[in-house]
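In: Predicted structure and sequence below. I'll ask about it afterward.
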Amino acid sequence: MAQKTALVCKLLASAVSISHKAGKIIRDVMKKGDLGIIDKGENDLQTEADRSAQRCIVASFKSLYPNICIIAEEVDKISQNLDVPKDWLISELDKDILDLECPKSLLNVTEDQITIWIDPLDGTSEFTKGLIDHVTILIGVCVNDDAVAGVIYQPFWKNQGRALWGLVGSGVGGFELKEPPTDNKVYVTTRSHYDKTIESFIDGLKPCEIIRVGGAGNKVLYILEGKAHAYVYPSSGCKRWDTAAPEAVLRAAGGILTDKFGNKYSYSKDNEKDPLNKDGVFATSPAINHIEFMKLISDIQSKM
Ligand SMILES: Nc1ncnc2c1ncn2[C@@H]1O[C@H](COP(=O)(O)O)[C@@H](O)[C@H]1OP(=O)(O)O
Ligand SMILES: [Mg+2]
Ligand SMILES: [Mg+2]
Ligand SMILES: [Mg+2]
């Protein structure tokens, strides 16, 4: 008799398939040219692409898994309208993911343990400025407190998009995992939310090379592709939907993501009302000792 696919693996397979459709929706909005930008607050934009991608992703998940808790970034009426065109409802399951062997620890996870955190478009500020390489779609599958599976989708990669995925205990796919350089240290930080606190942190990390790019997903990709040793964001501003998928993919690759005290964020549904990652984001490559790196961060903090 055929083996029943574990729920976490099914969710990841759905996430990969759905992300391809949401990516196409984002590319189409960009092609059309009218981004429909709304200002949600200080340095916090939303576009037609954020709204439509979220509707596609949430409506697809809801129709397949009506009892699972889904938390997505956009909370306005338009984004929450799940009456979507039929072809936005994706029911396919990515075949490569279904072929994976589900890690033993995730075999018996039940629907009530799961929260799916969705950022339909990460790097909106960059998107509105035409910096399309910074944009990703983030879908993080979490079990109780932990981000265990995730998709980071780059809608503009080689004009066609690609889905990068990770499953903790199994591995990563959709890209080539690379080691960071061995000569100098490279850190990646915010482009659009840079301030004095971040500047002081960066000064404390010197000598090093600093790369400033948009998006939480994009910055974790810098680590995964060997372009940076760590992601440094000592301020609040990122939310759970910004880090759930990146943390899952990074953990699946052997890296770590924590707050500035070295503590992991919880991704349980209890965080829905207060999803802010208030103590910053510090993520390290599998090639870096996270505890040692956080000692350096703690030294910098004590001198500030
Ligand atoms: N102060 C903030 N207000 C709103 N979103 C923020 C803020 N800081 C970070 N973010 C979210 O985290 C992502 C990474 O931040 P940064 O690029 O500054 O490092 C941003 O693209 C944005 O996600 P989003 O684009 O999905 O709204
Ligand atoms: Mg946003
Ligand atoms: Mg985001
Ligand atoms: Mg977003």
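Out: Perfect, thanks for sending it. Numbering: from 1, shown residues only. Ligands and ions are numbered 1, 2, ... in the order given.

In: Contact distance from ligand 4 - what residues of the chain qualify?
Out: E73, D119, L121, D122 (C-beta under 5 Å from the ion). C-beta coordinates here come from the backbone N, C-alpha and C atoms, glycine included.

In: In CSV: those residues, plus secondary structure and distance to S236.
Out: Shown next, in CSV, are the residues of the chain next to ligand 4 (DSSP: H, G, I helix; E, B strand; the rest coil; distance: C-beta to C-beta, whole Å):
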residue, secondary structure, distance to S236
E73, coil, 16
D119, strand, 16
L121, strand, 21
D122, strand, 17
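
In: Now these in JSON lines, please, with extra columns for neighbour count, pLDDT and distance to C9.
Out: Converted to JSON lines, the residues of the chain next to ligand 4 look like this (neighbours: other C-beta atoms under 10 Å; pLDDT from 0 to 100; distance: C-beta to C-beta, whole Å):
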{"residue": "E73", "neighbour count": "22", "pLDDT": "98", "distance to C9": "25"}
{"residue": "D119", "neighbour count": "32", "pLDDT": "99", "distance to C9": "22"}
{"residue": "L121", "neighbour count": "31", "pLDDT": "98", "distance to C9": "26"}
{"residue": "D122", "neighbour count": "28", "pLDDT": "98", "distance to C9": "24"}
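
In: when you scan stretch 37-48, is anything in it near ligand 1?
Out: Yes - counting by C-beta under 6 Å from any ligand atom, ligand 1 has neighbours in stretch 37-48: N43, D44.

In: residues in contact with that stretch?
Out: With contact meaning C-beta atoms under 8 Å, 6 or more residues apart in numbering, stretch 37-48 is reached by 29, 34-36, 74, 76, 79, 121, 124-125, 127-128, 192-193.

In: how about a cut-off of 10 Å?
Out: For stretch 37-48, contacts defined as C-beta atoms under 10 Å, 6 or more residues apart in numbering pick out 25-26, 28-30, 32, 34-36, 49-51, 53-54, 73-76, 78-79, 120-121, 124-129, 192-193, 237.

In: What segments of the protein are helices?
Out: Remark: helices of the chain, listed N- to C-terminal, are 7-32, 48-64, 95-98, 124-128, 196-205, 216-224, 240-253, 290-303; assignment by DSSP state H.
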